[in-house]
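Asks: fold the following and give me the result.
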Amino acid sequence: MRNHVLRALIAAVIGSGSLLAQNAVGASTSALARSSVAAAQAAVAAQSPDPSTEVMIRNRARVFRDRLTASGAKYWALTDYDLAGKTPDQVLQRLSPSAIKASDGVREMNIVVALRKPLTVFAKAGEPISLGTADVEGADVRSISVKSTISINGVNIVPK
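Replies: Got it, this is the predicted structure:
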(Lines give C-alpha, C1' and ligand atoms only; values in the text may rest on other atoms or scores of the structure.)
Protein backbone atom coordinates (compact mmCIF):
# COMPACT_ATOMS: atom_id res chain seq x y z
CA MET A 1 0.00 0.00 0.00
CA ARG A 2 2.80 2.34 0.90
CA ASN A 3 4.45 1.57 -2.46
CA HIS A 4 1.29 2.55 -4.35
CA VAL A 5 1.02 5.86 -2.49
CA LEU A 6 4.68 6.62 -3.23
CA ARG A 7 4.22 5.80 -6.94
CA ALA A 8 1.10 8.01 -7.08
CA LEU A 9 3.00 10.86 -5.42
CA ILE A 10 5.92 10.54 -7.89
CA ALA A 11 3.48 10.43 -10.83
CA ALA A 12 1.74 13.55 -9.52
CA VAL A 13 5.04 15.41 -9.16
CA ILE A 14 6.22 14.39 -12.64
CA GLY A 15 2.82 15.19 -14.13
CA SER A 16 2.65 18.61 -12.52
CA GLY A 17 6.22 19.34 -13.63
CA SER A 18 5.31 18.70 -17.25
CA LEU A 19 2.21 20.84 -16.84
CA LEU A 20 4.30 23.65 -15.44
CA ALA A 21 6.71 23.35 -18.35
CA GLN A 22 3.84 23.42 -20.84
CA ASN A 23 2.37 26.48 -19.17
CA ALA A 24 5.75 28.23 -19.18
CA VAL A 25 6.09 27.70 -22.93
CA GLY A 26 2.53 28.84 -23.48
CA ALA A 27 3.12 31.95 -21.39
CA SER A 28 6.26 32.93 -23.29
CA THR A 29 4.54 32.36 -26.65
CA SER A 30 1.57 34.49 -25.69
CA ALA A 31 3.94 37.20 -24.42
CA LEU A 32 5.70 37.15 -27.79
CA ALA A 33 2.37 37.39 -29.59
CA ARG A 34 1.32 40.27 -27.34
CA SER A 35 4.56 42.17 -28.06
CA SER A 36 4.22 41.77 -31.85
CA VAL A 37 0.59 42.87 -31.71
CA ALA A 38 1.60 45.87 -29.61
CA ALA A 39 4.29 46.82 -32.18
CA ALA A 40 1.77 46.61 -35.03
CA GLN A 41 -0.77 48.67 -33.08
CA ALA A 42 1.87 51.30 -32.31
CA ALA A 43 2.74 51.52 -36.02
CA VAL A 44 -0.92 52.05 -36.90
CA ALA A 45 -1.34 54.67 -34.18
CA ALA A 46 1.72 56.56 -35.46
CA GLN A 47 0.43 56.20 -39.05
CA SER A 48 3.66 54.50 -40.04
CA PRO A 49 3.85 51.19 -41.88
CA ASP A 50 4.22 47.93 -40.01
CA PRO A 51 7.91 46.92 -40.04
CA SER A 52 7.00 43.32 -40.82
CA THR A 53 5.17 44.48 -43.97
CA GLU A 54 8.28 46.36 -45.11
CA VAL A 55 10.42 43.28 -44.56
CA MET A 56 7.93 41.14 -46.50
CA ILE A 57 7.94 43.55 -49.45
CA ARG A 58 11.76 43.75 -49.46
CA ASN A 59 12.05 39.96 -49.39
CA ARG A 60 9.48 39.44 -52.13
CA ALA A 61 11.13 42.13 -54.26
CA ARG A 62 14.42 40.25 -53.90
CA VAL A 63 12.86 36.88 -54.75
CA PHE A 64 10.58 37.93 -57.63
CA ARG A 65 12.91 40.67 -58.95
CA ASP A 66 10.99 42.27 -61.84
CA ARG A 67 8.54 39.37 -62.29
CA LEU A 68 4.86 39.25 -61.47
CA THR A 69 3.29 36.93 -58.88
CA ALA A 70 0.42 34.63 -59.88
CA SER A 71 -2.05 37.08 -58.33
CA GLY A 72 -0.72 40.00 -60.39
CA ALA A 73 1.33 41.64 -57.63
CA LYS A 74 4.70 43.23 -58.28
CA TYR A 75 7.23 44.08 -55.57
CA TRP A 76 10.07 46.62 -55.71
CA ALA A 77 12.47 47.78 -53.01
CA LEU A 78 15.38 50.19 -52.73
CA THR A 79 17.90 50.21 -49.89
CA ASP A 80 21.32 51.75 -49.26
CA TYR A 81 22.89 48.47 -50.33
CA ASP A 82 21.28 48.76 -53.80
CA LEU A 83 22.93 52.14 -54.42
CA ALA A 84 26.39 51.32 -53.09
CA GLY A 85 29.10 51.65 -55.75
CA LYS A 86 26.73 52.93 -58.46
CA THR A 87 27.58 55.81 -60.78
CA PRO A 88 25.36 58.92 -60.59
CA ASP A 89 23.52 57.88 -63.78
CA GLN A 90 22.93 54.36 -62.40
CA VAL A 91 21.58 55.85 -59.17
CA LEU A 92 19.05 57.94 -61.13
CA GLN A 93 17.88 54.83 -63.01
CA ARG A 94 17.60 52.79 -59.81
CA LEU A 95 15.44 55.28 -57.85
CA SER A 96 12.12 53.98 -59.27
CA PRO A 97 10.79 50.71 -60.64
CA SER A 98 10.44 50.12 -64.36
CA ALA A 99 7.29 51.50 -65.97
CA ILE A 100 4.12 49.40 -65.89
CA LYS A 101 2.52 48.63 -69.25
CA ALA A 102 -1.05 47.51 -69.86
CA SER A 103 0.21 44.21 -71.26
CA ASP A 104 2.09 43.42 -68.01
CA GLY A 105 -1.07 42.40 -66.14
CA VAL A 106 -0.08 44.20 -62.93
CA ARG A 107 -2.94 44.51 -60.43
CA GLU A 108 -0.97 45.57 -57.37
CA MET A 109 2.37 47.37 -57.01
CA ASN A 110 4.16 47.34 -53.65
CA ILE A 111 7.10 49.73 -53.23
CA VAL A 112 9.50 50.19 -50.30
CA VAL A 113 12.27 52.79 -50.25
CA ALA A 114 14.30 52.53 -47.04
CA LEU A 115 17.43 54.70 -47.15
CA ARG A 116 19.24 55.32 -43.87
CA LYS A 117 22.06 57.34 -45.40
CA PRO A 118 21.33 60.74 -46.96
CA LEU A 119 20.84 60.46 -50.72
CA THR A 120 22.76 62.69 -53.11
CA VAL A 121 21.42 62.84 -56.67
CA PHE A 122 23.29 64.44 -59.57
CA ALA A 123 20.79 65.62 -62.20
CA LYS A 124 20.72 67.89 -65.22
CA ALA A 125 18.70 71.10 -64.99
CA GLY A 126 15.03 70.38 -65.69
CA GLU A 127 15.49 66.60 -65.50
CA PRO A 128 12.67 64.97 -63.53
CA ILE A 129 13.64 62.83 -60.56
CA SER A 130 11.27 60.10 -59.40
CA LEU A 131 11.87 58.39 -56.09
CA GLY A 132 9.84 55.22 -55.53
CA THR A 133 7.27 56.26 -58.14
CA ALA A 134 5.23 53.77 -60.17
CA ASP A 135 4.91 55.04 -63.75
CA VAL A 136 2.09 53.63 -65.88
CA GLU A 137 2.36 53.64 -69.66
CA GLY A 138 -0.64 53.26 -71.96
CA ALA A 139 -4.30 54.14 -72.02
CA ASP A 140 -5.56 50.56 -71.64
CA VAL A 141 -4.43 50.15 -68.05
CA ARG A 142 -7.30 49.15 -65.78
CA SER A 143 -7.23 49.29 -62.00
CA ILE A 144 -3.85 49.09 -60.26
CA SER A 145 -3.40 49.36 -56.51
CA VAL A 146 -0.12 51.06 -55.59
CA LYS A 147 1.23 50.98 -52.04
CA SER A 148 4.43 52.95 -51.40
CA THR A 149 6.45 53.25 -48.23
CA ILE A 150 9.29 55.75 -48.48
CA SER A 151 11.60 56.49 -45.58
CA ILE A 152 14.79 58.41 -46.25
CA ASN A 153 17.21 60.40 -44.17
CA GLY A 154 17.39 63.34 -46.56
CA VAL A 155 17.87 64.10 -50.26
CA ASN A 156 20.45 66.44 -51.73
CA ILE A 157 20.02 67.30 -55.43
CA VAL A 158 23.19 68.56 -57.10
CA PRO A 159 23.05 69.99 -60.65
CA LYS A 160 25.39 68.42 -63.24
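
Asks: okay, CA-based contacts and neighbour counts for the rest of this
Replies: Fine.

Asks: helix, strand, or coil at Arg53?
Replies: Wrong residue type there; residue 53 is Thr, not Arg. Using DSSP: H, G, I helix; E, B strand; the rest coil, the structure places Thr53 in helix.

Asks: ok, it - contacts?
Replies: If you count contacts by C-alpha atoms under 8 Å, 6 or more residues apart in numbering, Thr53 has none.

Asks: surely Ala125 is in contact with Val158?
Replies: No. Checked against C-alpha atoms under 8 Å, the pair Ala125 and Val158 is beyond contact range at 9.4 Å.

Asks: where does the nearest residue in space to Thr133 that is not next to it in sequence fall, secondary structure wise?
Replies: Closest residue to Thr133 apart from its sequence neighbours, by C-alpha to C-alpha, 6 or more residues apart in numbering: Ser96 at 5.5 Å. Under DSSP states H and E, no helix or strand contains Ser96.

Asks: ok, Ser96 to Leu68 distance?
Replies: Ser96 is 17 Å from Leu68, where distance means C-alpha to C-alpha, to the nearest Å.
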